[in-house]
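Trainee: let's see this in three dimensions:
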Amino acid sequence: MKRLFLPLALPLALAALAGCVSFGSEPPPFLMTLTPDAQVESGTNRTAAIGQAITIARPEVPQKLTTNRLPVQTADTTIAFLADAVWVATPNQLFRSLLSEVVAARTGRVVLDPATYTEDPGTIVRGQLHEFGLDARTREAVILYDAAITTAEGVRTRRFEAREPVGAEDARSVSEALNRAANRIAIEFSDWLAV
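Mentor: This next block holds a predicted model:
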């Protein structure tokens, strides 16, 4: 009797466990990312003297941007997340990468990734990404970013904001509008760094 029960026990246990395990909902049809309008050409070599490189740190974000979902401001005090809108990484990671690429392409400066510099990060740009999503009240994609640089002369700060209209409140339309807004800010940001 014991031998008959043992072979049946394992399949029964697995069948019972299968009812408890869930692999989540359906994945989104695609993942969203940001694409810089200006890029450094492949094979480009650059050198920076000590202190001349620039490092753009990943911006600090409020809780609503610590996820890879796309926030929608529905009222002054409420947000939701757009259905099927999922970033490939968190917005602050994607935004930092886009800023770095555009700055390197437009200014010719050596731009270091915070994870790869060794001893001399050069000028470090820090900031806070306050908004990176859809404002349903105005049907606009909105990015609001505060940047700060510490130099020998003191601290320089600037607020950057870009708004782009969205044709529809879906993942593709909103991500395209956010990509346009991010590239507009990146151009203004690279001009500000050059001053």
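
Trainee: point out where this structure drops to low pLDDT.
Mentor: The chain contains residues with pLDDT under 70 at 1-24, 117-118.

Trainee: all strands for it, in order.
Mentor: 54-56, 69-75, 78-86, 111-112, 123-135, 140-151, 154-165 (DSSP state E).

Trainee: let's have those in TSV, adding mean neighbour count.
Mentor: In this view, the C-beta of every residue, glycine as well, is placed from N, C-alpha and C. Converted to TSV, the strands of the chain look like this (neighbours: other C-beta atoms under 10 Å):
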stretch	mean neighbour count
strand 54-56	22
strand 69-75	18
strand 78-86	16
strand 111-112	22
strand 123-135	21
strand 140-151	18
strand 154-165	14
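
Trainee: okay if I get those as JSON lines plus distance to Ser100?
Mentor: Formatted as JSON lines, those follow (distance: least, C-beta to C-beta, whole Å):
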{"stretch": "strand 54-56", "distance to Ser100": "5"}
{"stretch": "strand 69-75", "distance to Ser100": "22"}
{"stretch": "strand 78-86", "distance to Ser100": "23"}
{"stretch": "strand 111-112", "distance to Ser100": "5"}
{"stretch": "strand 123-135", "distance to Ser100": "10"}
{"stretch": "strand 140-151", "distance to Ser100": "13"}
{"stretch": "strand 154-165", "distance to Ser100": "15"}
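
Trainee: tell me where the longest helix sits in the protein.
Mentor: Ranked by residue count, the top helix of the chain under DSSP state H comes out as helix 171-194.

Trainee: do you know which of the strands of the chain lies nearest Arg172?
Mentor: Proximity to Arg172, assessed across the strands of the chain by C-beta to C-beta, is greatest for strand 78-86 (8.8 Å).

Trainee: and the closest one, which strands flank it?
Mentor: strand 69-75 (antiparallel) (DSSP bridges).

Trainee: identify the residues contacting the spatially most central residue of the chain.
Mentor: Geometric centre of the chain, nearest residue: Pro91, 2.1 Å, by C-alpha atoms, centre = their mean. By C-beta atoms under 8 Å, 6 or more residues apart in numbering, the residues touching Pro91 are Val61, Leu65, Asn68, Leu129, Phe132.

Trainee: go ahead and confirm Met28 touches Asp84.
Mentor: Quick fix: residue 28 reads Pro, not Met. Yes - taking C-beta atoms under 8 Å as the definition, Pro28 is a contact partner of Asp84 at 4.6 Å.
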